[in-house]
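S.K.: no FASTA, just this:
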C-alpha cells in the first residue's frame with residue numbers, strides 16, 4: 001500500500017504543542033530547537049527564569065513560537081502546574097519531552113541520602129508526575145500523544161571508576177524501564193513512549209568531567225571518535241515526536257557515537 005504522505009510531511013509538527021522540561025539549556029534546548037524548527041509551538045520549563053528568558057529569545061530568533069514556565073519539576077505540585085499552565089496557555093499537549101535532570105558526584109559509600117533523594121525526585125519521580133498529568137488531562141482523552149524521556153547511556157551500564165555517580169546511573173536505569181513499562185500500558189491510548197540515551201555532550205552537567213579527564217580522552221572511547229554536538233540529538237528527537245515514528249514505542253535509542261555498542265550495553 002502506498003503512503004499518502006511524503007516523507008517531509010511525516011516529520012512536520014505544524015500546529016502541535018511540545019512541552020520540554022529542563023529546556024532552558026543543553027540537551028533540552030537542542031531538542032526544543034528541533035521540534036520548533038519542525039513547526040511545533042514550544043513551552044520550556046526549568047527552575048531559573050533568566051535562563052528561560054534567554055532560551056526563549058534564542059528560539060524566537062529562529063522563528064519559533066516559544067514560551068516558558070519557571071518551576072521546580074522535583075516538586076509534585078509545581079510539576080503538575082507545568083502541565084496545567086501549558087494547557088491554559090497553548091492548548092492540548094501533543095509532545096512531552098521529559099528532560100529535566102540532575103546529578104551528584106560522590107563515592108557510593110559516602111553518598112548523602114538527601115542527595116540521592118534529590119536526584120531521584122527530579123530524574124524519576126518528576127517524569128511520572130508530569131507524564132501522568134499530561135496523559136490524564138490531554139493525551140488519553142484524545143487517544144494520541146508522544147512522550148520522549150531523556151535517559152543516558154549511564155542507565156545502560158556501569159561507569160568507569162573515575163565516575164562516582166551512583167544515584168544518577170540508578171535514576172537513568174529507572175528511566176529506561178519506566179519508558180518500556182509506560183509504553184506497554186499507554187499504547188492502547190495511541191500514546192508512544194520512547195527514550196533517548198545520550199552519551200557525552202558538552203553541558204553544565206558534564207563540564208567538570210570533561211575538564212578533569214579531557215574531551216579528547218573521552219572522545220577516544222567512542223567509535224566515531226568524538227563527543228556529541230549541538231545537532232546530534234535533533235534527528236532522533238524529531239523521529240520520536242513525529243508521525244515518522246508513529247509505529248515506534250518502548251524503545252531506547254543511544255546517541256553516543258557508538259560507545260554503548262562496543263561495551264555491549
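M.R.: Everything's here; your move. Keep in mind it's a predicted model, so treat the numbers as computed, not measured. Numbering: from 1, shown residues only.

S.K.: going by C-alpha atoms from here, please, whenever you check contacts or count neighbours.
M.R.: OK.

S.K.: quick one: contacts of stretch 125-134?
M.R.: Identification of contacts with stretch 125-134 by CA atoms under 8 Å, 6 or more residues apart in numbering yields 73-76, 79-80, 82-83, 93, 96, 98, 147, 149.

S.K.: could I get the residues you listed as CSV with secondary structure, distance to residue 17 and pLDDT?
M.R.: Formatted as CSV, the contacts of stretch 125-134 follow (DSSP: H, G, I helix; E, B strand; the rest coil; distance: CA to CA, whole Å; pLDDT from 0 to 100):
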residue, secondary structure, distance to residue 17, pLDDT
73, coil, 19, 97
74, coil, 23, 97
75, coil, 23, 97
76, helix, 22, 98
79, helix, 18, 98
80, helix, 17, 98
82, helix, 14, 98
83, helix, 12, 98
93, coil, 5, 98
96, strand, 9, 98
98, strand, 14, 98
147, strand, 12, 98
149, strand, 16, 98
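
S.K.: which among the residues you listed end up buried?
M.R.: 73-74, 76, 79-80, 82-83, 93, 96, 98, 147, 149 (16 or more other CA atoms under 10 Å).

S.K.: so which of those comes closest to residue 119?
M.R.: residue 74 (8.8 Å; CA to CA).

S.K.: look up the closest residue to the closest one, ignoring the ones flanking it.
M.R.: residue 122 (4.4 Å; CA to CA, 6 or more residues apart in numbering).

S.K.: top strand in the protein by residue count?
M.R.: strand 191-198 (DSSP state E).

S.K.: that older thread, between which two of the buried ones among the contacts of stretch 125-134 is the distance greatest?
M.R.: Once CA to CA is applied, those give 74 and 93 as the farthest pair, at 20.3 Å.

S.K.: mind showing which ranges of the stretch 51-200 of the chain have poor pLDDT?
M.R.: Low-confidence segments of the stretch 51-200 of the chain (pLDDT under 70): 160-162.

S.K.: ok, which stretches of it are helices?
M.R.: 76-90, 113-120, 126-134, 140-142, 166-186 (DSSP state H, counting those that start in this stretch).

S.K.: buried residues in the shortest one, which are they?
M.R.: Along helix 140-142, these residues count as buried under the neighbour rule (16+ other CA under 10 Å): residue 140.

S.K.: need the residues that contact it.
M.R.: Against helix 140-142 from outside (CA under 8 Å, 6+ apart): 135, 189-191.

S.K.: return the distance of it from the chain's centre.
M.R.: Relative to its parent chain, helix 140-142 has a centroid offset of 22 Å by CA atoms, centre = their mean, to the nearest Å.

S.K.: equivalent analysis for the first one, please.
M.R.: Once both centres are worked out by CA atoms, centre = their mean, helix 76-90 turns out to sit 17 Å from its chain's centre.

S.K.: equivalent analysis for the third one, please.
M.R.: Here helix 126-134 shows a centroid-to-chain-centroid distance of 13 Å under the convention CA atoms, centre = their mean.

S.K.: that one to strand 191-198, inter-axis angle?
M.R.: Interaxial angle, helix 126-134 versus strand 191-198 (axes from the mean of the first three to the mean of the last three CA atoms, to 10 degrees): 150 degrees.

S.K.: let's have the contacts of helix 140-142 in TSV, adding neighbour count and distance to residue 164.
M.R.: As requested, the contacts of helix 140-142 are exported to TSV (neighbours: other CA atoms under 10 Å; distance: CA to CA, whole Å):
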residue	neighbour count	distance to residue 164
135	25	35
189	16	40
190	17	39
191	25	36
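
S.K.: how about the helices of the stretch 51-200 of the chain, which one is nearest residue 27?
M.R.: helix 166-186 (15.1 Å).

S.K.: alright, calling it a day.
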